[in-house]
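Novice: give me a model of this one.
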Amino acid sequence: MEFNRLQQAWQRVRDELLAERTADGHWVGELSSSALSTATAVSALAMIGRRTDLGFGISNVGFQISDLVERGVGWLVRHQNDDGGFGDTDKSHSNIATTYLVVAALHLAGKAEAYRELIARAEKYIESKGRLEGLKARYGIDKTFVVPIMTNLALAGLVKWEEISPLPFELAVVPQAWYRFVGMPVVSYAIPALVSIGQAHYFHKKPWNPITRLVRWFSITRSLKVLRRMQPDSGGYLEATPLTSFVVMSLASRPPLRGAPESPIATEVIRDGVKFLVNSVRPDGSWPIDTNLATWVTTLSINALAAGGEDVASLLGPKCLDWLLSCQHTQRHPFTGADPGGWGWSDLSGAVPDADDTAGALLALAAWRDSPSCTPEQLDRRTAAARDGLQWLIRLQNRDGGWPTFCRGWGKLPFDRSGVDLTAHVERARWVFHRELNDRFAPSLRAAWRRETESLWFTLRTQASDGSWTPLWFGNQDSPDESNRVYGTAKVLISFDLGGDDHSEDLGIDRGSPLDRGLKWLVANQNPDGGWGSGVWNKRVVPSDEQRAAGFSPAVPDAPHLPLTTRHSPLISSVEETALAVEALLPVADDEAYRQSVERGLEWLVTAVERGDHRNAAPIGFYFAKLWYYEKLYPIIFTASALGRACQKLRPAT
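Specialist: Below is the predicted model:
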């Protein structure tokens, strides 16, 4: 590829990325609107609209619930897919969970008759997926999301309470450090759902066992106190619309029960939860899956700019560093009990420190350290924060050698286990600070710091026989198991810095080694168009003459083998996956076995930038419980990182 063309594409994406910053010098991004979030919010507000005894009136919170419900319903009915179902985003395939929740929302909002035909199409889709058995099959042993969905259906009168597994909300009152030992039926982040949904089931269908009934009776107020203590200032648990909505609708559904204790605590939880829903609704009547991923996209952006050789300290200025350092948690977190030192995905009060975001923040601090313009004062502050962050990560490592998201050793449910994408990210962060901070840790942590072989063995054990790795928090909706092995494999390869750093010698890149097999898997799974990925679902239309004259750009680059119609195609590459694969292969681009693959991938990316298609975000993100999302900055950030590294790697000798 002509270097000037590559450099021009990088410069364009770099400038666009910088233009996305806020006035405070960091990035916020924008998450996709979500049919699932919108449906749960509509259900919660519809339940609130039926209550007049909660101690706060509509006028006190400055909104009309009925108007929000009406607008939410309007958004939902405009986003039904052709198959009758609903997807998590406007680019997502239908799934049974979201479709069920939309149907429940329409019933609770009193719109079932008005949208009878729409519901009939949705019911036909649900029937084709096996109804409740199909829903349960989607999540397996994990009750974290199945029980809330079924509770929503029960509140809408669509299932009986007898069909729903009661959640043992009394377990929430045991000391937080014991949670992993008492057999919690939900993942670590779902304690608010355990309490609120468990209580809703108790009030609607009391257990037949008198001992269980008595234990739960005496746990009502105590567990509500736990729920209230976990609620952040924003009112939104995890800043997440679905979780907050499930809490609100469940508590608001509690029927009058003679002898039940009065609960001003429940009223406070509901009040603040409703305020969160009101404050997070979008002008079009929809809700996103979470408020934002500001910390995550900021650290990704810093690292992408550093990959292109930028002096980030000079380019971004001290306000950006100040903001990033302010996002580090400095107190024990009430939600997970996490020690101080980690970073969450956002600077908002509902974020929780986790391994992936902490690793990203540490890499951003390393980029700041390596900037020529980094001042001694900035270096000292950065070093102290990095030390605390690394110590936080070391304490989080699981016995299997990998890293979980939030809590060490919590359990075996899918989103609580160690993840190879998390482990790869943490290992990369640990390595860039290996020499700098090794002797600055508390003596009790130095041995743990040197336990690198454990994470290596975890990486080896999780590699598939074909050479790929499967991540925990990213997916591909066209993959049979919804996994995104391009993302997982690329993240592992990038973490080992194959460009010559002796860290890569741990696994080696000789023929037949794990890293060699991973590289070859990426090459073998490159699409015919030169990109990677199969998860973008685009609605492609033939543009009119007026659109062409106005510079209309299709959703994806033209491909002669693809008809200009709405279709699901495994041959459509995504910007995010292509950029990651290119970045992973760039260090070995001099090898004849990989050169052509890198060139084709760069051609795809540069062409996408030239067309303006590099902003086409794909729904590759997994939120909790396999809820899909896309983030508008992901394709820009990932492209900037890949093209920046390519410019550094392929720059002609002067």
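
Novice: where does residue 512 land in three-state SS?
Specialist: At residue 512 the chain is in coil, as set by DSSP: H, G, I helix; E, B strand; the rest coil.

Novice: can you list the weak-confidence ranges in the stretch 251-400 of the chain?
Specialist: 255-262 (pLDDT under 70).

Novice: same question for the chain.
Specialist: 52-63, 141, 176-188, 255-262, 410-414, 435, 437-453, 498-511, 535-571, 625.

Novice: separation between residue 70 and residue 149?
Specialist: Distance of residue 70 to residue 149, given as Cβ to Cβ, to the nearest Å: 23 Å. No exception for glycine: its C-beta is placed from N, CA and C like everyone else's.

Novice: ah, wrong one, I meant residue 419
Specialist: 24 Å.

Novice: more neighbours: residue 70 and residue 149, which one.
Specialist: Neighbours per residue (other Cβ atoms under 10 Å) separate residue 70 from residue 149, with residue 149 holding more: 27 against 14.

Novice: can I get the CA coordinates of the helix or strand that contains the more buried one in CSV?
Specialist: Per DSSP states H and E: residue 149 is located in helix 143-155. Once non-C-alpha atoms are left out, helix 143-155 reads as follows in CSV (Å, rounded to 0.1, in the frame of the first residue of the first chain):
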residue,chain,number,x,y,z
LYS,A,143,-30.8,-17.4,36.5
THR,A,144,-29.5,-13.8,36.6
PHE,A,145,-31.5,-12.8,33.6
VAL,A,146,-34.1,-15.6,33.1
VAL,A,147,-35.9,-14.9,36.4
PRO,A,148,-36.1,-11.1,35.9
ILE,A,149,-37.6,-11.6,32.4
MET,A,150,-40.1,-14.1,33.8
THR,A,151,-41.0,-11.8,36.6
ASN,A,152,-41.7,-9.0,34.1
LEU,A,153,-43.9,-11.5,32.2
ALA,A,154,-45.7,-12.4,35.5
LEU,A,155,-46.3,-8.7,36.3
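
Novice: and that helix, which residues are buried?
Specialist: 143-155 (16 or more other Cβ atoms under 10 Å).

Novice: who does that helix touch, helix- and strand-wise?
Specialist: helix 35-49, helix 96-108, helix 131-139, helix 191-204, helix 241-252 (3 or more Cβ pairs under 8 Å, 6 or more residues apart in numbering; DSSP states H and E).

Novice: out of these, which comes closest to residue 519?
Specialist: Among the helices and strands packed on helix 143-155, the nearest to residue 519 by Cβ to Cβ is helix 131-139 (33.2 Å).

Novice: how far is the closest one from where the chain is centred?
Specialist: Put simply, helix 131-139 sits 22 Å off its chain's centre (Cα atoms, centre = their mean, to the nearest Å).

Novice: stretch 225-233 too?
Specialist: 22 Å.

Novice: need the residues that contact that stretch.
Specialist: 172-173, 191-192, 195-196, 237, 239, 247, 265, 268-269, 272-273, 334-335, 348-350 (Cβ atoms under 8 Å, 6 or more residues apart in numbering).

Novice: please apply the same query to stretch 483-495.
Specialist: 420-421, 424-425, 427-428, 431, 459, 464, 467-471, 474-476, 479, 515, 518-519, 521-522, 525, 532-533, 535, 576-577, 580-581, 583-585, 620.

Novice: which positions within that stretch qualify as buried?
Specialist: Buried, per 16+ other Cβ under 10 Å, within stretch 483-495: 483-495.

Novice: please produce CSV containing these, extended by distance to residue 606 and secondary structure.
Specialist: Shown next, in CSV, are these (distance: Cβ to Cβ, whole Å; DSSP: H, G, I helix; E, B strand; the rest coil):
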residue, distance to residue 606, secondary structure
483, 28, strand
484, 23, coil
485, 25, helix
486, 19, helix
487, 21, helix
488, 25, helix
489, 23, helix
490, 19, helix
491, 23, helix
492, 26, helix
493, 22, helix
494, 20, helix
495, 25, helix
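
Novice: can I get the residues you listed in a markdown table with distance to residue 379?
Specialist: Converted to a markdown table, these look like this (distance: Cβ to Cβ, whole Å):
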| residue | distance to residue 379 |
| --- | --- |
| 483 | 40 |
| 484 | 37 |
| 485 | 39 |
| 486 | 36 |
| 487 | 33 |
| 488 | 34 |
| 489 | 35 |
| 490 | 31 |
| 491 | 28 |
| 492 | 30 |
| 493 | 30 |
| 494 | 26 |
| 495 | 25 |
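
Novice: ok, so of those, who is nearest residue 204?
Specialist: Nearest member of the buried residues of stretch 483-495 to residue 204, counting by Cβ to Cβ, is residue 483, at 37.2 Å.

Novice: beta-bridge partners for the closest one, please?
Specialist: Beta bridges link residue 483 to residue 475 when assigned by DSSP bridges.

Novice: wait, doesn't residue 343 sit right on residue 361?
Specialist: Yes - between residue 343 and residue 361 there is a contact under Cβ atoms under 8 Å: 4.2 Å.
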